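>>> Predicted coordinates and the sequence they were generated for:
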Amino acid sequence: MNSKDGMRYMELVDVYEKLDSTTKRLEKTTILADFFRKIGGEDPELLPVVTLLSLGRVFPTWSEEELGIASKLLMNAMALVAGVRPEDVEDMMRDAGDIGTAAELLLGKKKQATFFTVPLTIQKVHSNLMKIADISGNRSQYKKMEILRELFSSASPEEAKYITRTVLEELRVGVGEGTIKDAIAEAFSVEKGVVERAHMLTNDLGLVSEVAKEEGVEGLKKLSLKPGKPVKPMLAQLSPGIRESVEEMGWALCETKYDGIRVQIHRSGDEVNIFTRRLENISNAVPEIIEYIEEALPHEDFIVEGEIIVTKDGKPISFQYILQRVRRKYEIEKMREQVPLKLYLFDVLYYHGPQIDTPFEDRRKILESMVDVMEDKLQLSNQVKATPEDIWRAEDLFTESLKGGHEGIMIKDPHAPYMPGIRGKKMLKRKAEPETLDLVVVGGTYGKGKRAHFIGSYLLAVQDENNELKTIAHAATGLDDQMLLELSEMVEPLITKKTGRRVEIVPSIILEIAYSEIVKSPEYESGYSLRFPVVKRVREDISIEDIDTVERVESMFKDVQTL
DNA sequence: TTTGTCTGCCCC
DNA sequence: ATTCTGC
DNA sequence: GCAGAATGGGCAGACAAA
């Protein structure tokens, strides 16, 4: 069946629908495993592609390719195909709560006209999506839309739904890397741990599925850590409390948590490369870091990790500045003068062979042996050892960290191996208690998926000296299902205007909002905004005259160090 | 040439 | 990034 | 406790429109 043209995309769509119809992970795993096995038998070359598409991805993690299409361009393309205005698509999206469903509806109407079309194959969909990433320059948006148009015109409404979701990389069928790994293990009868490890080291589940099928456990075990090939960084969980965490570990190594960007630095032969958390190569943007590494570390292969921050007179300054450096392609030398960087190293993954299975305590010693510290340029993270008996060491470090303008502390299990991509209990973070503001709701945006028929995000304002309201942030997180419903019911009758997914409302509902930091913002009327806003509660006990003011926000911002 | 909008497995 | 939810 | 999904601010770069 289909042996000549390859498997139909519709078969994959059926799998998506099945996945979407259950919330049980075990069922999802089996559905996927069965499908992977089937592909492996009928069309093995397709296996890596199907693995990626099942994750809602077109390219593997390590790839630098980008589609350059998101909701706006996609809506334009849909409007083009369906012969309606982009605004109509947006309205439809708001009402359907999902751009995929909107595509399904729009193309369903169109469909009767074009009856004879060649059925889409999985290969065709994937290769066309890959083509999109190669298009750039003048009229590129038009050319990208043409490719989408071609796909849509031979797609059934159901297929269109999943093509749009794939383009946006929000498949939303309850499948992520965890489920895919389980499914590969189940499909090809290999241990889950082996799959997990192979994934850690390659960042390519497509490759992992292929190797699992073709070579089994032996093949997977051959995949290894190599300088030059980035791996996903190990991630930290929130600590419930310093004492509790240290006690649970027995004893802990605690370090200052620097507020910058996490980097993984590889030396392979003569080449030094710097990767971000998402494995983007930013070596060109931060030349001085390369120079520091050349000077301070051995000229041998290694992988080390650290945090790059911006400092002024040795003191850390606001996180915002580093964003001017990370993805910069032009005027790098000029910005190098204006926004000087400092690197704090805190881990090693490879030196004289892989070290990820070495306990953290020993990795730190290896790192110390590797580095010649450069004042103001490159240092090791500030570290103390804490036990339940001398827990004050950790607590003091925390206080000192905040006083010094840093973000808090990391609490690390000295016995833990380095677990790429894992967010576990072996590495914890503790940050300052958030501050709060009382703000009034002046608008909102309708959500997607679970929040399709609710306002998924609220626009908030402070008042100025003339009691005029000035916007300051949106908040969306912190709302549980019940509060989401209640708030939506309160807001509905207050809506004065709807534009696409956005609404304006009569100001009257007051929310207490927690946040980590006030930042300067050109986007909001107040001139300021909030980092990590979280809704805490509805304040029914105060009235609109009592909300916080621009003046107060301004005075609180003064504490932040700027260039 | 300048301005405005959109995009990013972006960074956090 | 933070937070909530189903398993 | 994990995995997944829903959402935050801000930056540079890439295009399109003016």
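Arrived safely.
>>> I'd like to know which helix or strand in chain A has the lowest mean pLDDT.
helix A:99-111 (a mean of 86; mean pLDDT, DSSP states H and E).
>>> other SSEs contacting the next helix or strand after that one?
Next helix or strand after helix A:99-111 toward the C-terminus (DSSP states H and E): helix A:122-134. The contact analysis (3 or more Cβ pairs under 8 Å, 6 or more residues apart in numbering; DSSP states H and E) places helix A:122-134 against helix A:9-20, helix A:47-54, helix A:140-153, helix A:157-167. (C-beta placed from N, C-alpha, C; glycine too.)
>>> Minimum distance to DNA strand D: which of those helices has it?
helix A:140-153 (3.4 Å; Cβ to the nearest atom of the strand).
>>> mean confidence for the closest one?
Helix A:140-153 comes out with an average pLDDT of 96.
>>> Can you classify the residue nearest to residue A:241 when sequence neighbours are not counted as helix, strand or coil?
Distances taken as Cβ to Cβ, 6 or more residues apart in numbering put residue A:430 closest to residue A:241, at 7.9 Å, once the chain neighbours are dropped. Three-state assignment for residue A:430 (DSSP: H, G, I helix; E, B strand; the rest coil): strand.
>>> Surely residue A:430 is in contact with residue A:398?
Yes: counting by Cβ atoms under 8 Å, residue A:430 does reach residue A:398; the two are 6.3 Å apart.
>>> Can you give me every residue that contacts the closest residue in space to residue A:269 that isn't next to it in sequence?
Nearest non-adjacent residue to residue A:269, counting by Cβ to Cβ, 6+ apart: residue A:301, 7.2 Å away. The contact partners of residue A:301, by Cβ atoms under 8 Å, 6 or more residues apart in numbering, come to A:227, A:267, A:268, A:269, A:350, A:351.
>>> go on, residue A:325?
By Cβ under 8 Å, 6+ apart, residue A:325 lies in contact with A:285, A:286, A:310, A:335, A:339, A:341.
>>> List phi and psi for the fifth one.
In this case it means residue A:339. Main-chain torsions, residue A:339, degrees, to the nearest 10: phi -130, psi 80.
>>> how close does it sit to residue A:294?
From residue A:339 across to residue A:294, the span is 21 Å (Cβ to Cβ, to the nearest Å).
>>> What parts of the stretch 351-500 of chain A come near DNA strand D?
Those residues of the stretch 351-500 of chain A that sit near DNA strand D, judged by Cβ under 7 Å from any atom of the strand, are A:423-425, A:445, A:447-451, A:456-457, A:473-477.
>>> shouldn't residue A:307 be in contact with residue A:346?
Yes: counting by Cβ under 8 Å, residue A:307 does reach residue A:346; the two are 7.2 Å apart.
>>> what touches both of these two?
residue A:381.
>>> For DNA strand D, give me its nearest residue in chain A.
residue A:449 (1.8 Å).
>>> Which residue, other than its chain neighbours, is closest to that residue?
Closest to residue A:449 by Cβ to Cβ, 6+ apart is residue A:172, at 5.5 Å.
>>> Helix, strand, or coil at that neighbour?
Taking three-state DSSP, the label given to residue A:172 is coil.
>>> tell me the contacts of it?
So, once contact is read as Cβ under 8 Å, 6+ apart, residue A:172 ends up touching A:20, A:56, A:98, A:100, A:165, A:449.
>>> Which PyMOL command selects the buried ones in those?
Per 16 or more other Cβ atoms under 10 Å, the buried members of the contacts of residue A:172 correspond to this PyMOL selection:
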select buried, chain A and resi 56+98+100+165
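>>> And the contacts of residue A:172, which is the shakiest by pLDDT?
residue A:98 (89).
>>> Tell me how many other residues surround the closest residue to residue A:327 other than its chain neighbours.
Distances taken as Cβ to Cβ, 6+ apart put residue A:285 closest to residue A:327, at 6.4 Å, once the chain neighbours are dropped. Neighbour count for residue A:285, taken as other Cβ atoms under 10 Å: 20.
>>> Close to DNA strand C: what parts of chain A are there?
Residues of chain A lying near DNA strand C (Cβ under 7 Å from any atom of the strand): A:23-26, A:235, A:238, A:262, A:277, A:431, A:434, A:477-482, A:514, A:516, A:532, A:534.
>>> now for whichever strand or helix holds residue A:311, which elements pack on it?
For residue A:311, the enclosing helix or strand under DSSP H and E is strand A:302-312. Applying 3+ Cβ pairs under 8 Å, 6+ apart, one finds that strand A:302-312 contacts strand A:261-268, strand A:341-351, helix A:360-370.
>>> Return that strand as CSV; C-alpha atoms alone will do.
Below are the C-alpha coordinates for strand A:302-312, written out as CSV (Å, rounded to 0.1, in the frame of the first residue of the first chain):
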residue,chain,number,x,y,z
PHE,A,302,36.5,20.3,26.7
ILE,A,303,32.9,21.2,27.4
VAL,A,304,32.3,23.7,30.2
GLU,A,305,29.2,25.6,31.3
GLY,A,306,28.6,29.0,32.8
GLU,A,307,26.6,32.2,32.9
ILE,A,308,27.4,35.4,31.0
ILE,A,309,26.4,38.6,32.7
VAL,A,310,26.9,42.3,32.1
THR,A,311,28.8,44.2,34.7
LYS,A,312,29.7,47.8,35.4
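>>> Tell me which other helices or strands the next helix or strand after it touches.
Using DSSP H and E, the helix or strand that follows strand A:302-312 towards the C-terminus is strand A:315-316. Applying 3+ Cβ pairs under 8 Å, 6+ apart, one finds that strand A:315-316 makes contact with no other helix or strand.
>>> what mean pLDDT does the helix or strand following strand A:315-316 have?
Using DSSP H and E, the helix or strand that follows strand A:315-316 towards the C-terminus is helix A:323-326. Helix A:323-326 shows a mean pLDDT of 98.
>>> again, but for stretch A:234-253
Per-residue scores along stretch A:234-253 average to 97.
>>> So for it, first residue to last residue, what's the gap.
16 Å (Cα to Cα, to the nearest Å).
>>> list the buried ones in it?
Applying 16+ other Cβ under 10 Å to stretch A:234-253 flags A:234, A:236, A:239, A:242, A:245, A:246, A:249, A:251, A:252, A:253 as buried.
>>> Including secondary structure and distance to DNA strand D, could those go into a markdown table?
What follows is the buried residues of stretch A:234-253, written out as a markdown table (DSSP: H, G, I helix; E, B strand; the rest coil; distance: Cβ to the nearest atom of the strand, whole Å):
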| residue | secondary structure | distance to DNA strand D |
| --- | --- | --- |
| A:234 | coil | 12 |
| A:236 | strand | 11 |
| A:239 | coil | 11 |
| A:242 | helix | 16 |
| A:245 | helix | 11 |
| A:246 | helix | 15 |
| A:249 | helix | 12 |
| A:251 | coil | 18 |
| A:252 | strand | 16 |
| A:253 | strand | 20 |
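>>> which among these are in contact with DNA strand B?
Of the buried residues of stretch A:234-253, not one also sits near DNA strand B (Cβ under 7 Å from any atom of the strand).
>>> nearest to residue A:324, of those residues?
residue A:236 (25.4 Å; Cβ to Cβ).
>>> Roughly how far does the closest one sit from residue A:419?
Residue A:236 is 11 Å from residue A:419, by Cβ to Cβ.
>>> returning to what we had before: can you list the helices and strands packed on helix A:122-134 in a markdown table and add distance to residue A:85?
Shown next, in a markdown table, are the helices and strands packed on helix A:122-134 (distance: least, Cβ to Cβ, whole Å):
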| stretch | distance to residue A:85 |
| --- | --- |
| helix A:9-20 | 28 |
| helix A:47-54 | 31 |
| helix A:140-153 | 15 |
| helix A:157-167 | 18 |
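>>> Any chance of a markdown table for those, columns distance to DNA strand D?
Compiled in a markdown table, the helices and strands packed on helix A:122-134 are given as follows (distance: least, Cβ to the nearest atom of the strand, whole Å):
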| stretch | distance to DNA strand D |
| --- | --- |
| helix A:9-20 | 9 |
| helix A:47-54 | 10 |
| helix A:140-153 | 3 |
| helix A:157-167 | 9 |
